[in-house]
Every structure is written in structure tokens, then in C-alpha cells.
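Visitor: coordinates only, sequence not included:
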């Protein structure tokens, strides 16, 4: 009986998850065909050079991503989490940020990192296994990648609470995915941000899949509607439309900076690739779905618009391609040159202040390692005279 | 000299730290107007405002997670976990984030966050209010773990923990919150013993009893009782569980040759296990007896009507001392 009751509630619920393959309502400024459309709540004035710059960003981050995937296939990276398909969500939101704003990424925000000016090589370290991240988050206001799903949303909220205490006119953007919305931490972050009116934008890239689990396993209502229950606005944007993402995120960040508190942005997009290079999506999803999303490609629509309106010519596109190839070569070379860390570096940075146990173990391990080196040294020293 | 309770010692320590550094924040459940369920934060919100003494939503992972964000922004949050058994919802944030983020960032950032936990049993409480979970955190690299046992240490260790640039778990023995001692307020923080030092509370020659937090008082009572039977017990208050003050511990073990470790937490893989292993590794030829442990049992913490049977007491300590002396 309860199953029937639940079933009928689901059928009659006002805002249920759109059936797979249907077209949900969302903010759009550029159609998949590359037609510029207007939205009553989100207007966007954008100069031609800005538009071209967004196109360039999209192409470059896709190229970095495909090069990293190739490097993984060739054994140079242990794993890679591809952003393929999510370029517009990341570039649009990344470019919406002001310099003093702060981003808290998952492990897939390579496009946001690019917009913040983070060297793409910095991102490869953890995937190659030479560090766990290792960049200075305060240099570009781009926090370290966080692997535990959703944990960073609380850090983002706390950071935003700090900005608020400082009286700063800045905001934080917290990235997470559709799967993360089921995590307690994300829900706690919503509550803290709401109660303290923290200047944080919760930017959910709903790419429809949490590894093998479709969005239906995470929610019965569209994700952006969850915001209402927490007491702040939620908006769903076409995550493959860089202009709409830019406009929506800009507005949300500005509201946060002005003291209007958090916003949940659901960027409706699609994970075109596998969850990571270790995943095989053919086991759980249909090619047909992938094909339908190919028609909504985030880059093609910008190119179509630029071509149709004459805002960019072939020479421009060729230039971007050349630049992408150069960037890929830089990423490849830098990756291959990334050497393994010194074994004793394991003991570095565990604590800010002296810790006798760490020091003791480092010393013991160094002494142990030296026993091998001195044995090698003896062999080498003996070689010139030991031949006869 | 002022007579203070242990709870007041923590309170005064918090107040001193907040007065010294405007970046110090106090946050947790009911820490504001109520002053905490043990009144440890009493009066702080009134004097420092809601902006610095923050009543948080009832979500422990949120307390620690947002404290990490605040620390990244340059604040020094002191988080109160209301009872020991309520820290587990925050376990991931403590173990996977708070402890590891500095190493993840190759030292570019520090997280000066203090997590205060009223710990242990003996107050007749319901389930989850009497636990001793220090081993989980002492096992985790990146955290510092300390336990105060008396009002004066509470006052100084609170300030020292806040001053540390590393995350510190500060255990407060809840059944000793109302114990009293004289505090000389003219003493500067720099004059206090270092945060990570152990202290020989009572010198003796026959057996070393190592305890920390709530068990220190019990160990001292056991030593007094043993003296009447002619046994000269040395009592070491461990104070710091991670890192260990190995120098003080080993000196005492070498001197007496017999060591008994006492704690409320279950024995299996507890602090006593680590102490026994280290003392055996380092002081093997000075030992007259194996290191013995007097601990809570390896069961869930029992209902309060039988908690006195579960908790190590004077007699169980003396029994272990006798066994140690029998070798």
C-alpha cells in the first residue's frame, strides 16, 4: 500500500525529476543551434571580444582535458577525471567570478582552475601520484581539489562566513555534483549558509550521473528546487550554455556579495565521458542518451553563433586551434618531466609545528635508506679496480 | 591566587585567548546564551558578541567543516563538541580534512582549529555521553591530541592549543569539571609547561603509573593508598597523547622498571597499547615487569548503574601495581 501511495505522490508531485530525455525548463541564452535568445530574468551584455575569449577558454580546457586523458592511457597519469561536456558550466561560472572571490572545487573543475589562472600542470600532480594537490590555494583563490564527495561545500561555507565577518565584498563558489546533493555535508552546508546568510553560491553541475547511478537515484524533485526548503533561491541553468551560466552565476555571486545570501545554481549538463578513466559507462547507460547530448555540445553552439554573426572568422578559429595544440604540448611535456617525490618528503608538511614522532621516523627512515646508498657507493668505488 | 574549577579554567583560557587575538572564535551547539551544557563558555557571548561566540546549527560535521573554512580565511576557531559520543558525525571532516589538508597543500596552508571534547564517564549519563575516543584521533597523523586533568592545566592548555598552528583535539574530563584548584593568574602563558610535555605529579621508586585526563586523580588516590602499604608509586600525568613526551615517560620507566598505564578507554589498541609497545622497545633492559594496563573493558560503554564497575578505580589500579611488583 505504501508503495502505491508513494507512487501516486511521485506522479502528482509538482516538480518531479524530468523524465530522462525530456527537456526541462532552464535558463538559456544560447540554444544548442547557436541562436541567441533572451531570458526575462537574466540579460547579458557581452562584447565580441569577450565572446571570442569564452570560445577560446572552452576549446583550451577541452584540449587540456583530452591531453590528460591521453596521458592516462599512455600510463603517465594513474587516473583522470574528465570534464568532457561540462566545459560551459565551468568556464561560464569561472569567468563569472571576481578576482577576490574564492572557489572550492571537486576534483573535476579543470575548467574553473583554468579561469582562475591555475597552471594546468598543477592539476596533474594528484592524478600522476606525485602529490595530493600541492598548490597554494590562496595564490589564485582556488582551493585544493577535494575528493571526499561534498566535504568542500562546508569549507566553502565557512570561508564565506569568514568573508562576512571581515566585511569583504566578495563571495565564494562551491562546486559539487548531482551525487553530492545526497551527502549530509552538502545539506549541512546549505543549512549553515542559510542560517548565517553566508555569501556563497552553491554551483551544482548536474551531469546526470554519479558514476553509474542516474539522477533518479539521488532525488525525486529537480535539484534546484531543494533550495526552497533551505530558504534560499535555486535556479536551473542550461549547463551547456556558457552565456547563460555566466549570467546566472554572475547574478548569484553579486547577490551574495551584496548580502542577499546563498543561491543554488543547478547547471544542467551531461558527463560525456566516463566518471574517470577507470570507469566503463557502457555497462550502465545507453549510447542513444550520449548521442542526444552530443547535439547540445557546449562548444559547437558558440562556434555556430560566432560564425553566423560574423563575430569570428576562420583565421580566429585556426589561431585558437594552434594555441590549443601548443597548450597540449606544454601539458604533455610538463607531465613527463614531473619527477617522483623524494621518499623523505612523506614527512614534510604533516604539521606546521615540530612533531617529535614525525621527526624520529624521518630520521630512522633516512638512516635506513642510507644503508642502500652506501652499499651502492661501495660497489661503484670498487668497480675501477675490481675488474681483474 | 584564585580558586577555580576545571570548567572555569577552560572558560578563562578561552577568554584570555579571545582577548589576545580577535581572530579567535568559539563555535558549537549551545555555546552562546546558554554558555554550553557544562557552562564552559559561560559569559563569552555576552562579552564578545554573537559574531565571535557562535551558536551553530545542530550538525557536528558542519561545525568542523565550517571551522576549516574559517581557518582558511585566517580565523582560529575553537569548536565545542557537546559530548564525546557526538564527535562521530564530524569524523570525516576531522580525519580526512582537518588532519590532512596541510599536507595536501604541501604546507601552503595551516589549520589552527581546536576541537574541545568533554570526555569520559562517571557522571551517570545515558548512552553516548561517557565515551573515551582519544585513540581514533591520536592514531591520525596531522592532529595533535591533548588531555587536561586539572583546573590550572585546563587554563593554560586551552590557550596553548589555540595558539598552535596545527589542529588540536583538546579533551576535557567532564566528571572533573567541578574539581577545584588555585590558579596564579599572574603566571604568563610562556611560564606554563609546554603543551606536549608530560608531568611527573608524584615521585616514587617502585612503580610508575601513567594516566591522563579523568584518571589522573584516581591514579593519585591510588598512590596515596599504596603509600600506606609502603609502596612508593610514581604518577605521570601524560597530558599530551599525540605527540608523546617520550623522554619523561622513558625516564620514569627506567627509574622504576615497572609501569602501569591507566585509562577509561577500552584497552584494545588504546593509548596503553602504544605506551606499552614504546616502553618495551626503548626500555627493555630496564624493565622488571611487563607494562600492564588498567582500562575500560572492550565493550560498549555500559548503562550508568554499572559504570563504576566498568571504569578503572583505585582498587583496580592497586591490583595492577601488586601484579607488577610480583614479577
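Guide: Received, thanks. The model shown is predicted, which means the values in this text are computed figures rather than measured ones. Numbers count the residues shown, from 1 in each chain, chains lettered A, B, ... in the order given.

Visitor: domain ranges for the chain?
Guide: Since you didn't name a chain, this refers to chain A. Chain A breaks down into these domains under automatic domain parsing: A:23-337, A:343-379.

Visitor: that answer is for a different chain, and I need it for chain B
Guide: Taken from automatic domain parsing, chain B resolves into B:2-191, B:199-325.

Visitor: starting at the chain centroid, how far to stretch B:33-48?
Guide: Mean-position distance between stretch B:33-48 and its chain equals 21 Å (C-alpha atoms, centre = their mean, to the nearest Å).

Visitor: Now the terminal residues of that stretch, how far apart.
Guide: Terminal residues of stretch B:33-48 are spaced 12 Å apart (C-alpha to C-alpha, to the nearest Å).

Visitor: Just the pLDDT for the residue of the stretch 201-327 of chain B found nearest chain A.
Guide: Here the residue of the stretch 201-327 of chain B nearest chain A is residue B:243; by C-beta to the nearest C-beta that distance is 4.9 Å. (Glycine included, C-beta is placed from N, CA and C.) Residue B:243 is assigned 98 on the pLDDT scale.

Visitor: Likewise for residue A:134?
Guide: pLDDT at residue A:134 comes out at 89.

Visitor: how about the strands in the stretch 101-250 of chain A?
Guide: A:102-104, A:172-177, A:200-206, A:209-210, A:213-214, A:234-238 (DSSP state E, counting those that start in this stretch).

Visitor: With respect to burial, which of the domains of chain B scores highest?
Guide: Ranked by mean neighbour count, the domains of chain B are led by domain B:2-191 with a mean of 21 (mean count of other C-beta atoms under 10 Å in any protein chain shown).

Visitor: hmm, back to that, please render the domains of chain B as JSON lines that adds distance to residue A:33 to the earlier fields.
Guide: What follows is these, written out as JSON lines (distance: least, C-beta to C-beta, whole Å):
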{"stretch": "domain B:2-191", "distance to residue A:33": "42"}
{"stretch": "domain B:199-325", "distance to residue A:33": "61"}
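
Visitor: Relative to chain B, which of the domains of chain A is closest?
Guide: Nearest of these (C-beta to the nearest C-beta): domain A:23-337, 2.2 Å.

Visitor: Does the closest one reach chain B?
Guide: Yes: against chain B, domain A:23-337 shows contacts by C-beta under 8 Å from any C-beta of the partner chain at A:131-138, A:143-144, A:146, A:148, A:151, A:153-163, A:165-166, A:184-185, A:188-189, A:191-192, A:195.

Visitor: okay, how far is it across that domain, tip to tip?
Guide: 46 Å.

Visitor: List buried residues within the residues of domain A:23-337 next to chain B.
Guide: A:131-135, A:137, A:143-144, A:146, A:151, A:153-163, A:165, A:185, A:188-189, A:191-192 (16 or more other C-beta atoms under 10 Å in any protein chain shown).

Visitor: Double-check that residue B:117 belongs to a strand.
Guide: Yes: assignment of residue B:117 by DSSP: H, G, I helix; E, B strand; the rest coil places it within a strand.

Visitor: quick one: it and residue B:170 touch, right?
Guide: Yes: Residue B:117 is within contact range of residue B:170, at 7.1 Å (criterion: C-beta atoms under 8 Å).

Visitor: any common contacting residues for these two?
Guide: When C-beta atoms under 8 Å, 6 or more residues apart in numbering or on different chains defines a contact, no residue borders residue B:117 and residue B:170 alike.

Visitor: In terms of mean pLDDT, which of the domains of chain A ranks lowest?
Guide: domain A:343-379 (a mean of 89).

Visitor: List the buried residues for it?
Guide: A:347, A:349-352, A:355, A:357-358, A:362.

Visitor: ok, so of those, who is nearest residue B:209?
Guide: The closest of the buried residues of domain A:343-379 to residue B:209 turns out to be residue A:357 (C-beta to C-beta; 23.2 Å).

Visitor: Return the backbone torsion pair for that closest one.
Guide: phi -70, psi -40 (degrees, to the nearest 10).

Visitor: Isn't it up against residue B:244?
Guide: Yes: Residue A:357 lies in contact with residue B:244 (C-beta under 8 Å); the separation is 7.3 Å.

Visitor: circling back to that earlier point, could you identify which of the strands of the stretch 101-250 of chain A is most buried?
Guide: strand A:200-206 (a mean of 31).

Visitor: quick check: angle from it to strand A:172-177?
Guide: Orientation note: strand A:200-206 sits at an angle of 20 degrees relative to strand A:172-177 (axes from the mean of the first three to the mean of the last three C-alpha atoms, to 10 degrees).

Visitor: Partner strands of strand A:200-206 and their direction?
Guide: strand A:172-177 (parallel), strand A:263-268 (parallel) (DSSP bridges).

Visitor: Over the host helix or strand of residue B:295, what's the mean pLDDT, rounded is fine.
Guide: Assigned by DSSP states H and E, residue B:295 belongs to strand B:292-296. Summarised as a single mean, pLDDT over strand B:292-296 is 98.

Visitor: Equivalent analysis for stretch B:162-169, please.
Guide: 98.

Visitor: just checking, next helix/strand downstream of the host helix or strand of residue B:79?
Guide: For residue B:79, the host element (DSSP H and E) is strand B:76-80. Beyond strand B:76-80 on the C-terminal side, the first helix or strand identified by DSSP H and E is helix B:91-92.

Visitor: isn't the residue of the stretch 201-327 of chain B closest to chain A right up against residue B:144?
Guide: Yes: using C-beta under 8 Å, residue B:243 is in contact with residue B:144, at 7.2 Å.

Visitor: which residues are common contacts for these two?
Guide: A:355, B:196.

Visitor: The chain: helices as residue ranges?
Guide: Since no chain was named, I'll use chain A. A:2-12, A:48-73, A:87-96, A:110-116, A:120-128, A:137-140, A:151-166, A:184-195, A:226-230, A:242-257, A:287-294, A:298-309, A:314-337, A:356-382 (DSSP state H).

Visitor: The chain in question should be chain B.
Guide: B:6-20, B:44-48, B:60-72, B:91-92, B:101-104, B:134-138, B:151-163, B:215-228, B:246-256, B:271-283, B:307-310, B:314-325.

Visitor: Include distance to residue B:79 when you put those into CSV, please.
Guide: Shown next, in CSV, are the helices of chain B (distance: least, C-beta to C-beta, whole Å):
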stretch, distance to residue B:79
helix B:6-20, 12
helix B:44-48, 14
helix B:60-72, 5
helix B:91-92, 13
helix B:101-104, 15
helix B:134-138, 13
helix B:151-163, 11
helix B:215-228, 24
helix B:246-256, 29
helix B:271-283, 23
helix B:307-310, 27
helix B:314-325, 33
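
Visitor: quick one, phi/psi of residue B:303?
Guide: According to degrees, to the nearest 10, residue B:303 has phi -60, psi 150.

Visitor: dump the residue contacts of it.
Guide: Contacts of residue B:303 (C-beta under 8 Å, 6+ apart): residue B:127.

Visitor: again, but for residue B:137
Guide: Counting by C-beta under 8 Å, 6+ apart, residue B:137 has contacts B:94-95, B:143, B:145, B:169, B:242.

Visitor: right, and out of these, which lies closest to chain A?
Guide: Of these, the one sitting nearest to chain A (C-beta to the nearest C-beta) turns out to be residue B:242, at 7.5 Å.

Visitor: My guess is that closest one contacts residue B:143. True?
Guide: Yes: between residue B:242 and residue B:143 there is a contact under C-beta under 8 Å: 6.7 Å.

Visitor: Can you list the low-confidence ranges for chain B?
Guide: In the predicted model, chain B carries no residue with pLDDT under 70.

Visitor: Tell me the bridge partners for the residue sitting nearest the centre point of it.
Guide: The centre of chain B sits closest to residue B:147, judged by C-alpha atoms, centre = their mean, with a distance of 1.5 Å. The partner list for residue B:147 in beta bridges (DSSP bridges) reads residue B:171.

Visitor: Let me see the contact set for it.
Guide: B:119, B:134, B:170-173, B:212-213, B:238-241 are the contacts of residue B:147 under C-beta under 8 Å, 6+ apart.

Visitor: Thanks a lot, see you next time.
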